[in-house]
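> structure for the following, please:
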Amino acid sequence: MEFTLDIALIRQTLKRELQDARADIGRDGPISALARALTRQDQAIRAAKDADLLACRPGCDWCCHFTIDVRAAEVFTIRHFVDRQFTDAAKARVYAEVRANSQLFASMSEEARATQNVKCPFLVDRQCSIYPVRPQSCRNYHATDAVGCEQSYQDPENQDIDPEFAPEVYQLGLSHVEAFSVALREAGYDADVYELNGAFAAAETLPEARLLFDSKIKPFSGLIGEEPDLQFDDLLP
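This is a model prediction of the structure:
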């Protein structure tokens with residue numbers, strides 16, 4: 001889908017979110033700052049002029065089988081949610097899936113992972129069991145027609161399938177994600193992108209991972225992240 005970027009909207013969103021994220025991280029640390037950033041991101045998406053065009057509905061879970069990118073702050077936020085909200089049996093199921101998925105992905109390249117359908121370990125009965133704290137990449141995956149999402153699921157090796165999406169929703173959501181990533185990086189925290197299952201498996205086996213992150217040290221030993229590919233980097237203030 002091709003569309004013209006709203007440069008003024010992106011600049012304004014980047015500037016505002018960068019200011020808010022910097023202030024929140026400096027005052028309360030990255031985990032609390034992420035919670036506020038997620039709220040602002042959701043509010044911005046709901047207020048987008050084309051938000052009513054979105055086809056995403058409960059039970060529509062095609063995208064919950066695609067590769068999911070997370071940042072360390074999101075991993076620790078979700079782990080805290082799981083520890084407080086899940087039963088022991090649910091936790092055991094989640095981490096068993098995490099380990100299995102992580103082992104499957106470990107031998108694959110990024111390109112190979114993109115052609116695989118692997119159920120998210122937090123998908124339960126076609127619903128997201130961590131919806132309030134789901135990753136920013138999940139919050140930003142929207143479509144105006146679920147047919148394209150289903151086609152991608154049915155034919156994961158076809159990377160030319162391009163589901164229709166709402167331009168303003170896309171630009172607002174991505175601006176929030178990129179501004180928060182920049183604020184994290186500026187403050188010295190790990191802002192790298194990790195595959196969800198590998199990051200959770202690493203955090204589970206390394207009890208001191210959260211302390212390392214809070215100390216501005218890469219938290220996942222043996223797991224290599226990637227610097228986020230900032231599409232709006234040249235529009236940052």
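> from here on, contacts and neighbour counts on C-alpha atoms
Noted.
> what residues sit buried inside the helix or strand of the chain with the lowest mean pLDDT?
In the chain, the helix or strand scored least confidently by mean pLDDT, DSSP states H and E is helix 110-113, which has a mean of 78. When neighbours are counted by 16 or more other Cα atoms under 10 Å, the buried residues of helix 110-113 are found to be residue 113.
> residues touching that helix, excluding its own?
67, 105 (Cα atoms under 8 Å, 6 or more residues apart in numbering).
> one more: stretch 164-177?
With Cα under 8 Å, 6+ apart, stretch 164-177 has contacts from 1, 3, 5-6, 9-10, 13-14, 17, 37, 41, 44-45, 48-51, 53-54, 136-137, 139-140, 142-145, 148, 232.
> can you tell me which of those are in strands?
Judged by DSSP state E, the contacts of stretch 164-177 include no members of strands.
> could you flag which of those residues are buried?
Counted by 16+ other Cα under 10 Å, those give 10, 13-14, 17, 37, 41, 44-45, 48, 50-51, 54, 136, 139-140, 142-145, 148, 232 as buried.
> what segments of this structure are strands?
69-70, 123-124, 127-128, 194-195.
> can you add distance to residue 166, mean neighbour count and mean pLDDT and give those strands back as CSV?
What follows is the strands of the chain, written out as CSV (distance: least, Cα to Cα, whole Å; neighbours: other Cα atoms under 10 Å; pLDDT from 0 to 100):
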stretch, distance to residue 166, mean neighbour count, mean pLDDT
strand 69-70, 21, 21, 93
strand 123-124, 24, 15, 94
strand 127-128, 22, 16, 94
strand 194-195, 25, 21, 94
